[in-house]
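Participant: sequence first, predicted coordinates after that:
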Amino acid sequence: MGGDRGLSLADRIAEHFHRMTWRTPLHHLRLRGRHPLKLIAVADDPFLGDPARGNALLEGQMRFRGESHDVTALGTARPDWSAAFGDYFHSFAWLRDLSTVATRQRAAPVAEQVMRLWLATHADRVRDPAWRADLWGRRILFWTAHAPLILSSTDLVYRSQVLNALARGARHLDRAADRVPPGAARIAAWCGVLAAGLMIPGGDPRRAFGEAGLARALDGAISGDGGIIGRAPAALLDAVMLLTLLRETYAARRMDPPAAQTDALTRMVTALLGVCHADRGLSSWQGGLPVDGDTIDAIVAATGARVRPLRQAHEWGYQRLAQQRTVVIMDAAPPPIARVMEGGCASTLAFEFSDGPERIVVSCGGARGADLRLPAALIEGLRTSAAHSTLIVGDSNSTAIHPDGTLGRGVVEMELARHETETASRIEASHDGYARRHGVIHRRTIALGADGRDVRGEDSLLPAARRGRQNAAPFAIRFHLHPGVEVTPTADGMGALLRTRGGAAWQFRARGATLAIEESVWIDDRGMPRETQQLVLTGEAPAGGGSVSWLFHRAR
C-alpha cells in the first residue's frame, strides 16, 4: 500500500502483524499493558482559526481555499478533492477553525462526525496521503490540543478507536518522521512524535527520542539567521506556529522545552519579522499570501519572543531597509532548489516597499496559496519574474520555469553588498540569471534615505564575462502597485503620482527608459485576485551595457 513505500521489510511485517491483530483478543491483551491508552493532559491551542471555515463546518460544509465539500462526503476512499484540500482535511487543522466559532457543546458533535468518517476510511489502511508522516504530526498536535471536541462522547468503543489510532499513528511516526522532506513538513512530523511522547502514558523514551529528532529537523531546516529552507515566509510562519503549539504541549505537562527549541524559535521570529512590512503584516514572497499585522502580532505574542526584525538575513536571502515609517524588503538570493520546495518563484532582486500602514510596491504573490478555483495558468504565472517588482530581460524569467512546474537553469551566482551611512541605507546586488541566455548581468541598487522619504534605485545590465554579446537586450522593469494605490501619469510621460487611501502621495520619476502604466493583479489574504496597476519601464540595453535610474519620493 502507499503508506508502506520506503519501509524496511521488518517495518512492513510489523504493520501487517498489527493489522492482523487489530480488534482481536491478542490486540486487547497487548493494550492491557503497563500503560493504559489515555491522554495525560490537554494542551492549549494559542491560535485562532478561520471563522468562515469554522462556520461552514457548523453548516455541514468543509471549505478550504475556495474548495467546498459536504461533510458527509468526507468518508470516501477515493475522493475528488485537490491535494491541498486533502491536506487540510487529514491534518485536522479544521479543529482549530471549528473551536474558534463554537462552544464545546455545539462543536463536539460536528468534530465527532468527521472523526468517525476519518476513522472508518483511514484508521486501518496505512496509505498516503492520510498516513503521510507530516500529516500525522499535525494530526497528533491537533487531536491532543482539541481533545475535548473529539473525545467528549460517552461511546466507549468510539473513544477507544480514537485513542488506538493516536497510539498507532505515534508508532508510525517513530520510524517515518526522518523520511519526510526537510523543512516545515519534517518539523511537523517530529512535533507529532514529541506531542505523543508528552501526552500518552509511558512516553518518556519517546520524548527523549523526539527531542533528538526535532533538534536534527531544526538544524536541517532553519538557518543560522532564523530563515527556513525553501525561503518561503509562509513556511517559516507555519513552523513558528508548530513549535509554539508544541511549547504549549510541554506547558500542559508543566515542563519546559529544551533550550535548543526555544533558541530556534527566537531566531525564527526575528527572521519572520524581518519580512514584515511597516503595517506589521507579512510580505508575499515565494508564492505566499499577505498576512495582516494583527494576526502576526498575535502569533508573535504567543511565542513569547521579544525581538526586533532582522535587517540582514544573508543565509535566508532577504534584506530589509527601514527608516522612519518606510520599509523596503528585497529578495537577494536565488530561488529555492526543487528538492526542498516545489513551486518556487523566479523573484531574485525583486522588492516590496510600504509607507506606514499602506503598501506601495508589492509582488503579485499567491502562487502557493491562491484560491483553488483559479485557473492553473494564472497560478503558474504568479511564479514568474514578471509577477514580481524586478527587471526582466527578453520577456523571460531570471530562473527558468519548466512546463512541469520545476525550476531550471538561471540564477547561480550572486554578489551582495550593504552600506549604512548617516544619510541612507543602500543595497547593491547582482545576479547571473540572464548571463547564459542573454549575455548580461543584472545589477540593482536600492537606497532608502534616512528620513524615509526617498526610495532610490538603479537597474543596470552589464556584459557577462566570456559571453562576447553583440546584440541589444530588451528589458522591462516592473513595479506592481498595491490595489490601494491610485496612479496618475505626469504630463511629460516620465513619471507618475501615486496616492494612497490614507492620503499619502508619492512621486515616481525614471530616467533611461520609457514609462507605461499597465494592468496587474495582487493576490489578497483570501487567495483571491484583485485588480491593480503596475509601472513598467521598457527599453533596450546596448551591447556595452546600460542603466535605468528611478525614484519614489514621498511628497506628503
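Facilitator: It's in.
Participant: pLDDT below threshold where in the protein?
Facilitator: Residues of the chain meeting the criterion pLDDT under 70: 1-36, 338-340, 466-470.
Participant: centroid-nearest residue for it?
Facilitator: residue 234 (2.0 Å; Cα atoms, centre = their mean).
Participant: mind checking what secondary structure it has?
Facilitator: Three-state call for residue 234 (DSSP: H, G, I helix; E, B strand; the rest coil): helix.
Participant: measure it to residue 76 for me?
Facilitator: Residue 234 sits 29 Å away from residue 76, going by Cβ to Cβ, to the nearest Å. Any C-beta I mention is one placed from the backbone N, CA and C, and that applies to glycine too.
Participant: and residue 402, how many neighbours?
Facilitator: Residues lying near residue 402 (other Cβ atoms under 10 Å) number 10.
Participant: tell me the spatial nearest neighbour of it, not counting adjacent residues.
Facilitator: Nearest residue to residue 402, sequence neighbours excluded (Cβ to Cβ, 6 or more residues apart in numbering): residue 408, at 5.3 Å.
Participant: would you check that that neighbour makes contact with residue 398?
Facilitator: No - the pair residue 408 and residue 398 does not pass the contact test of Cβ atoms under 8 Å, sitting 11.3 Å apart.
Participant: higher neighbour count, those two?
Facilitator: residue 398 (26 against 11).
Participant: what strand or helix carries that one?
Facilitator: Assigned by DSSP states H and E, residue 398 belongs to neither a helix nor a strand.
Participant: what's near enough to touch it?
Facilitator: 346, 348, 349, 385, 390, 392, 410, 411, 431, 433, 434, 442 (Cβ atoms under 8 Å, 6 or more residues apart in numbering).
Participant: how about residue 257?
Facilitator: Going by Cβ under 8 Å, 6+ apart, residue 257 touches 246, 247, 250.
Participant: hmm, the second one is touching residue 261, no?
Facilitator: Yes - with contact defined as Cβ under 8 Å, residue 247 counts as touching residue 261 (7.4 Å).
Participant: quick one: contacts for residue 304?
Facilitator: Taking Cβ under 8 Å, 6+ apart as the test, what residue 304 contacts is residue 247.
Participant: distance check, it against residue 261.
Facilitator: 12 Å.
Participant: which residues do the two both contact?
Facilitator: In contact with both residue 304 and residue 261: residue 247, using Cβ under 8 Å, 6+ apart.
Participant: tell me which stretches of the stretch 1-150 of the chain form helices.
Facilitator: For the stretch 1-150 of the chain, the helices defined by DSSP state H, counting those that start in this stretch occupy 9-20, 25-31, 51-58, 83-91, 94-101, 104-122, 133-145, 147-150.
Participant: so of those helices, which one's packed in deepest?
Facilitator: Stretch with highest mean neighbour count among the helices of the stretch 1-150 of the chain: helix 133-145 (a mean of 27; mean count of other Cβ atoms under 10 Å).
Participant: angle of that one against helix 83-91?
Facilitator: Angle, helix 133-145 to helix 83-91, by axes from the mean of the first three to the mean of the last three Cα atoms, to 10 degrees: 40 degrees.
Participant: neighbour-wise, which of the contacts of residue 257 leads?
Facilitator: That'd be residue 246 among these, by other Cβ under 10 Å, with 27 neighbours.
Participant: got the angle between the helix or strand harbouring that residue and helix 133-145?
Facilitator: Taking DSSP H and E as the criterion, the element that holds residue 246 is helix 233-252. Orientation check (the same axes, to 10 degrees): helix 233-252 against helix 133-145 gives 40 degrees.
Participant: which other helices and strands contact the helix or strand that helix 233-252 is followed by?
Facilitator: Beyond helix 233-252 on the C-terminal side, the first helix or strand identified by DSSP H and E is helix 259-274. Under the contact definition 3 or more Cβ pairs under 8 Å, 6 or more residues apart in numbering; DSSP states H and E, helix 259-274 sits against helix 204-221, helix 233-252, helix 293-303, strand 318-323.
Participant: could I get these in TSV, plus columns for distance to residue 455?
Facilitator: Formatted as TSV, the helices and strands packed on helix 259-274 follow (distance: least, Cβ to Cβ, whole Å):
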stretch	distance to residue 455
helix 204-221	33
helix 233-252	21
helix 293-303	21
strand 318-323	8
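Participant: how about those, which one is nearest residue 379?
Facilitator: Of all these, it is helix 233-252 that lies closest to residue 379, at 14.8 Å by Cβ to Cβ.
Participant: picking that back up, I'd say the residue nearest to the centre of the chain and residue 286 touch.
Facilitator: Yes - with contact defined as Cβ under 8 Å, residue 234 reaches residue 286; the gap is 7.4 Å.
Participant: what do these two both touch?
Facilitator: Counting by Cβ under 8 Å, 6+ apart, the common neighbours of residue 234 and residue 286 are residue 368.
Participant: stretch 351-369: end-to-end distance?
Facilitator: Taking Cα to Cα, to the nearest Å, stretch 351-369 runs 20 Å from one end to the other.
Participant: let me fix that, I meant to ask about stretch 251-262.
Facilitator: For stretch 251-262, the end-to-end distance is 13 Å (Cα to Cα).
Participant: for this protein, which strand is longest?
Facilitator: Across the chain, the longest stretch assigned as strand under DSSP state E is strand 529-541.
Participant: which neighbouring elements make contact with the helix or strand following that strand?
Facilitator: The helix or strand immediately downstream of strand 529-541 is strand 546-554, counting by DSSP H and E. On a contact count with 3+ Cβ pairs under 8 Å, 6+ apart, strand 546-554 meets strand 454-463, strand 505-511, strand 529-541.
Participant: quick check: what element follows the first one along the chain?
Facilitator: Taking DSSP H and E as the definition, the helix or strand that follows strand 454-463 towards the C-terminus is strand 473-481.
Participant: elements contacting the next helix-or-strand element following that following strand?
Facilitator: Sequence order places strand 485-489 as the next helix or strand after strand 473-481, per DSSP H and E. If you count contacts as 3+ Cβ pairs under 8 Å, 6+ apart, strand 485-489 packs onto strand 495-500, strand 514-523, strand 529-541.
Participant: TSV for those, including mean neighbour count and distance to residue 309?
Facilitator: Compiled in TSV, these are given as follows (neighbours: other Cβ atoms under 10 Å; distance: least, Cβ to Cβ, whole Å):
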stretch	mean neighbour count	distance to residue 309
strand 495-500	19	22
strand 514-523	18	23
strand 529-541	18	26
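Participant: tabulate those (JSON lines), appending distance to residue 82.
Facilitator: Supplementary listing: the helices and strands packed on strand 485-489 in JSON lines, determined by distance: least, Cβ to Cβ, whole Å:
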{"stretch": "strand 495-500", "distance to residue 82": "36"}
{"stretch": "strand 514-523", "distance to residue 82": "17"}
{"stretch": "strand 529-541", "distance to residue 82": "18"}
